[in-house]
Every structure is written in C-alpha cells, then in structure tokens.
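Peer 1: curious how this folds, go ahead:
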Amino acid sequence: MQTNDKTKTASYQADTQRYDTMTYNRTGKSGVLLPAISLGLWHNFGFVDDIKNGKEILRTAFDLGITHLDFANNYGPPPGSAEENFGTIFKQDFKPYRDELFIATKAGYNMWPGPYGDFGSRKYLISSLDQSLKRMGLDHVDIFYHHRPDPDTPLEESMGALADIVRQGKALYVGISNYGPEDTQKAAKILKDLNVPFILHQARYSMFDRWVEDGLLDTLENNGVGCIAFSPLAQGMLTDKYLKGIPKNSRAGNDSIFLNAETVQSNIEKIQGLNTVAQERGQKLSQMAIAWILRQKQVTSVLVGASSSNQLKENVKALDCLDFSEDELKLIDEIVS
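Peer 2: Presented below is the predicted three-dimensional model:
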C-alpha cells in the first residue's frame, strides 16, 4: 500500500504507516474489512463548524487507519452541509485515496419539503442519494443505508430501491439502520432474494442502551450481516465530562434534545462506578465503553464522533485494551442494572 504514496499530488500526504496499528474486522460474511473504530460526521462538520478543524480531524482519522467515514443526507447543520463540506475536503486532500476509503451515507429522515423528502419511498431514497453524491463530488458510495423503517411504505419498495441503487452503480453495498429484529429479518430475506449485498446494520448501542442484545445481534449473525454501533458513549454520559457536574457548554448543560441534565443526574452514580472500573483497567471511561461494545463478535465497528483530533486519538486508544475478565463484565452489569 505504500509504494504509490510518493506519487500523490494532493496537499495532504497520508502517513505511510497508517495501516500498521489499526484493527480491522470482517463485516458479517462479506469480503469487506472495516476499522474497529470508524468516524461518524453527524456533528462538527456542518456549515456552522470550522471546516479547518474538520479537515484536521479527517486527516488524523486516515493517518490512524480509519478508512470508514459515515454520513447521512441530513447531517450538518444545516442538513446536507456535512456532505458538502466533506466534498470540499475530499477534492483537496483525499481524492487520490478514494479507493482506500469506505464511504457511507443514509436517507430516511426529513430532508426537504413536501411528500417526497422523508421516510422510505423509492422516489425519496434514489433522489436523496443522487443529491448526496453531488454534494460529495462522488460517482458512488461504498454503502448506502435506509436510515429508519417506514411504517407506511411497503418494505419491498424500500429494499427494491436499495437493490436498484446497487444495480445502477451508485452504491457497492447496502445497509439498514434502526430496524428491529423482525423487520431486519424481513429486509434480509428480500435483499437476499434480489441478490443484493446487504452487509451492515447500524444500531444505537452502549452500556446504557442494550436493545440490540434482545434479538437483533442474533438476527444479524444468522444472516451474515455485521453490526456497526453508533452513540457508544450514550451522548457523552460514558465519558469523564460529567463526573464533577454538568458543564455549561455540554449537551446536558444546554438541554439538548439528545441529552438533558435530569438524565445525567439520574445516572451519575452509575457513571462514577463505571469510571472506577475503567481506571482499574488503565483506561478512560470512554475507552472502556468502546472496548465493551467491540467485545461482541457481531460488532464490526464502533462509530465515534470527534470535535478535535486529540479526542479522536484518545478514542482510538480503546483498542489497546479490548479484553474483559468475567469479573469485570459482571461488575459492569451490576453497576448499570
């Protein structure tokens, strides 16, 4: 992989040792290997953010061996701006490395006015991906997800749109996100019958949020599909941010729609208890939280966000200690129960 690096002409020159230390896991039964830690661009990459900081985070990620970048059509704010900013950075820095990247985007949440800009119709999914490709300056993504189930559109229509997207060459693989076990099984059957490579399910998963353990992980394993976990730090609760109170500039301090002060306060004893376990393991709480998810054999990768390069580097250090003793796992269960 290093022989062609000297020929790169972009302003950014990737670290020639970028693949030496990252752990890569097989995605279900597919031929795809993903880094154990992937970068999600839900926050910190919109028009309201500093694009120079975003560029530095992306450079750091790739230099660490993080090849998988995860977007959705509505990431920003405003919606679409994360993809557009990435398109600018990609053209400047990463175009020579396109074939080393595994780029994902999704559609399923409200994106534009009217009846065709939300949920899971064929019209919405195909139109949305066309817009995403234009914003990012790409001719295809590596994987395209349906972001959430649509209770009113037949599953056959949504999955059929994913199948046609692959046949049109706009995505190499497909995935789904936020589907429960039953709908996941149905989607897997439809996509298998259509001979479409369904390789990933993106699901919320953390020590505080274990719904995937109630049937979903088994369903994925039975269908040869990998799991990629998002919100591994429970919106920041599984970090050292709230150990001494609630900072004013935090999500909980601002009463974000994703996390409020009351939720943090109700979990503070658990957070402190878990932090003690992490310290005894020689890890930060955030690092232990990531490692705890990666212990599951069905989990291919954990999606982390980052507001700085240093934060990303700290999260990647989770890979230095992935093993848990039975006593540690039992203690963690007792703390969070």
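Peer 1: going forward, measure contacts and count neighbours with C-alpha atoms only.
Peer 2: Will do.
Peer 1: residues contacting the one residue sitting closest to the centre of the chain?
Peer 2: The centroid of the chain falls nearest to residue 303 when counting by CA atoms, centre = their mean (3.5 Å). Residue 303 makes contacts with 37-40, 70, 228-232, as judged by CA atoms under 8 Å, 6 or more residues apart in numbering.
Peer 1: what about residue 216, how many neighbours?
Peer 2: Residues contacting residue 216 under the criterion other CA atoms under 10 Å number 22.
Peer 1: try residue 296
Peer 2: So residue 296, with other CA under 10 Å, has 12 neighbours.
Peer 1: confirm that it sits in a helix.
Peer 2: No - going by DSSP: H, G, I helix; E, B strand; the rest coil, the assignment for residue 296 is coil, not a helix.
Peer 1: can you tell me how far it sits from residue 283?
Peer 2: Per CA to CA, to the nearest Å, residue 296 is found 19 Å from residue 283.
Peer 1: strands of the stretch 151-300 of the chain, start to end?
Peer 2: Assigned by DSSP state E, counting those that start in this stretch, the strands in the stretch 151-300 of the chain fall at 171-177, 198-204, 226-230, 299-304.
Peer 1: where in the protein is the helix or strand with the lowest mean pLDDT?
Peer 2: Least confident element among the helices and strands of the chain, by mean pLDDT, DSSP states H and E: helix 261-280 (a mean of 92).
Peer 1: you'd agree residue 48 is up against residue 79?
Peer 2: No - using CA atoms under 8 Å, residue 48 is not in contact with residue 79; the gap is 11.0 Å.
Peer 1: the more surrounded of these two?
Peer 2: For residue 48 and residue 79, the more surrounded residue by other CA under 10 Å is residue 79, and the numbers stand at 17 against 13.
Peer 1: and that one, how far from residue 124?
Peer 2: From residue 79 to residue 124 the distance is 15 Å (CA to CA).
Peer 1: over to residue 166?
Peer 2: 16 Å.
Peer 1: check which helix or strand residue 314 maps to.
Peer 2: Applying DSSP states H and E as the criterion places residue 314 in helix 309-316.
Peer 1: by how many degrees do that helix and strand 299-304 diverge?
Peer 2: Interaxial angle, helix 309-316 versus strand 299-304 (axes from the mean of the first three to the mean of the last three CA atoms, to 10 degrees): 150 degrees.
Peer 1: pull out the buried residues from helix 309-316.
Peer 2: 309, 312, 315-316 (16 or more other CA atoms under 10 Å).
Peer 1: quick one: average confidence on that helix?
Peer 2: Mean pLDDT, helix 309-316: 98.
Peer 1: what's the spacing between that helix and its chain's center?
Peer 2: Between the centre of helix 309-316 and the centre of its chain there are 15 Å (CA atoms, centre = their mean, to the nearest Å).
Peer 1: ends of stretch 42-62, what's the gap?
Peer 2: Rule used - CA to CA; the end-to-end distance of stretch 42-62 is 17 Å.
Peer 1: residue contacts, residue 267?
Peer 2: For residue 267, the contact set (CA under 8 Å, 6+ apart) is empty.
Peer 1: now do the one 4 residues further on
Peer 2: For residue 271, the contacting residues are 237-238, 243, taking CA under 8 Å, 6+ apart as the criterion.
Peer 1: mind showing which ranges of the chain have poor pLDDT?
Peer 2: Counting by pLDDT under 70, the chain has low-confidence residues at 1-10, 247, 249, 251-257.
Peer 1: let's see that with 90 instead.
Peer 2: Within the chain, the ranges that satisfy pLDDT under 90 run 1-11, 235-236, 241-266.
Peer 1: that one: helices as residue ranges?
Peer 2: Ranges of helices in the chain, per DSSP state H, are 51-63, 81-89, 122-136, 155-167, 181-193, 216-222, 261-280, 285-294, 309-316, 326-336.
Peer 1: which non-adjacent residue is nearest residue 217?
Peer 2: Nearest residue to residue 217, sequence neighbours excluded (CA to CA, 6 or more residues apart in numbering): residue 298, at 6.3 Å.
Peer 1: wait, I meant residue 68
Peer 2: residue 102 is the one closest to residue 68 (CA to CA, 6+ apart), at 4.7 Å.
Peer 1: and that neighbour, how far from residue 281?
Peer 2: The gap separating residue 102 from residue 281 is 32 Å, by CA to CA.
Peer 1: looking at those two, which is more packed in?
Peer 2: Neighbour count, other CA under 10 Å: between residue 102 and residue 281, residue 102 has more, with 20 against 15.
Peer 1: now do the more buried one against residue 325, distance only.
Peer 2: For residue 102, the distance to residue 325 - CA to CA - is 33 Å.
Peer 1: could you do residue 50 as well?
Peer 2: According to CA to CA, residue 50 stands 42 Å off from residue 325.
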